[in-house]
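K.L.:
coords please:
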Amino acid sequence: EKLFFTQLSSSKRAELAELQGVRQSLYSEISPLHLPEVFALVCRYHGQGELYVALKSSVVGIISIVNRMQCLLQQRAHHEAAIAEHSTIIAEHRTNVETIEAEIAAIEEADDSRIGSEPRNSKIRRA
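P.N.:
Next comes the predicted model:
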């Protein structure tokens, strides 16, 4: 266990590698599928600085496990869902605007018919 935690520390690992004449990253030897668990241990026991070093030295391995097609399909589904949601909201607002316009038209029509039915003298008296 002590050896494992020593290997997760980049500065200690660099010192040991220098003594042994090794120039290869430890993370390149770890299966990319196990890297998330290793990163969790690095962060837990050695902090974010060591996590950054681990991520930096293993980025090629991480990218190799990414399924680009699946990522794109998920992004497309997300955006299609957002479009559908916004379309529903837009439709609700259109319905509200149509209802308001109908009420405005009814009020204007009532005002026009009331003004048209009043005798001419009453308009003068009002003024």
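K.L.:
CA atoms for contacts and neighbours, from now on please.
P.N.:
OK.
K.L.:
which stretches of the chain form helices?
P.N.:
Per DSSP state H, the chain carries helices over the ranges 2-8, 10-20, 35-57, 59-64, 68-117, 120-126.
K.L.:
quick one: least confident helix or strand in the chain?
P.N.:
None of the helices or strands of the chain scores lower by mean pLDDT, DSSP states H and E than helix 120-126, at a mean of 50.
K.L.:
and residue 36, how far is that from residue 68?
P.N.:
Look at residue 36 and residue 68: by CA to CA, to the nearest Å, they are 18 Å apart.
K.L.:
Repeat that for residue 45.
P.N.:
Computed as CA to CA, the residue 45 to residue 68 distance reads 32 Å.
K.L.:
if you count what's nearby, which of these two comes out ahead?
P.N.:
Here residue 45 and residue 68 are compared on neighbour count by other CA atoms under 10 Å; more neighbours surround residue 45, at 14 against 11.
K.L.:
Any regions of the chain where pLDDT drops low?
P.N.:
Where the chain drops to pLDDT under 70, the residues are 1-30, 32, 60-65, 116-127.
K.L.:
Return the residues in contact with residue 86.
P.N.:
Not one residue lies near residue 86 by CA atoms under 8 Å, 6 or more residues apart in numbering.
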